[in-house]
Structure formats: C-alpha cells, structure tokens
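Participant: sequence plus predicted model, see below.
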Amino acid sequence: MKTDIPRQQIHAFEDLAVFRKAYKISLEIHQVSLKFPRIEQMNGLAQQMRRASKGICANLAEGFGKQSISTAEFKRYVLIAMGSADEMRVWIRYALDLKYIEQPTWQRWKKEYQDIAKMLNGLHKSWS
C-alpha cells in the first residue's frame with residue numbers, strides 16, 4: 001500500500017495521504033455519530049468517537065507544524081495519532097455491539113482504521 005508522496009514534495013499536512021484518509025473518515029464518523037441516542041452525545045460514545053477520529057487529523061497537523069524545528073516532535077505526534085487510530089477500533093466495536101451501526105459499516109471502518117494505523121506506522125518509520 002502506497003503511504004504517501006515523497007517527503008520533499010510534502011509542504012503541508014494536507015499533502016499527507018494519511019491525513020486525507022483520516023479526515024475523510026472522521027467526517028463520516030461525525031455524521032453517523034450524530035444519529036446515536038441522546039445519552040451517547042455528550043461525554044458518551046458518540047463524543048468519544050468524534051474526538052478520537054478528529055484527533056488523528058489534529059495531531060498530524062500539529063506535529064507537522066513543529067517538524068521544521070524538531071523531527072522527533074513530529075514523530076511523537078504521529079505516535080499519538082496512531083494511538084487514536086487504535087482507539088477508534090475499540091469505539092467502533094462498541095458502536096457495533098450496541099447496535100448503533102451495522103456489521104458492514106463496522107467492517108469497513110475497521111479496515112479503514114487498520115489502514116490508517118499502517119500508514120501512520122510507515123510515516124513514523126520513514127520520517128527522519
């Protein structure tokens with residue numbers, strides 16, 4: 001799986017393929033989670049899912065902003081984003097088991113977050 005364009009062609013966090021992929025699914029997660037029961041909206045599962053899915057994007061953006069000063073700092077933010085991708089796999093399992101999403105949605109989202117985690121791992125390893 002191709003993870004990104006060559007580093008010398010990356011001028012902004014939006015150039016990162018993993019950012020674009022994570023952003024796209026975070027929009028879907030946001031829209032779907034708004035349909036969860038009211039009890040899940042504030043500090044519940046819906047809120048956790050929105051926070052973690054957006055956190056991947058936010059950490060990539062924040063880390064990229066600091067990468068010109070510290071490569072290590074960027075890589076630290078990539079690791080945090082990786083943790084959020086794994087966290088999302090837990091939240092979507094809850095959403096499935098609580099019957100807030102259907103099996104096909106869960107399978108697709110699970111694969112998306114596995115792919116995002118792999119891409120983040122590749123980005124972490126390649127960024128030096």
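Facilitator: Noted; the coordinates are in hand. Residues are numbered from 1 along each chain as shown.

Participant: compute the distance between L16 and E28, please.
Facilitator: Using C-beta to C-beta, to the nearest Å, we find L16 at a distance of 19 Å from E28. For every residue, glycine as well, the C-beta is placed using N, CA and C.

Participant: ok, W91 next?
Facilitator: Distance from W91 to E28, counting by C-beta to C-beta: 14 Å.

Participant: do the same with N121
Facilitator: The separation that N121 has from E28, given C-beta to C-beta, amounts to 23 Å.

Participant: who has more neighbours out of L16 and E28?
Facilitator: Under the neighbour definition other C-beta atoms under 10 Å, L16 and E28 were set side by side, and L16 has more, 24 against 14.

Participant: helices along the chain, start to end?
Facilitator: When assigned using DSSP state H, the helices of the chain occupy the ranges 17-33, 45-66, 71-97, 103-126.

Participant: so which of those helices gets nearest H11?
Facilitator: Closest to H11 of the helices of the chain is helix 45-66 (C-beta to C-beta; 9.8 Å).
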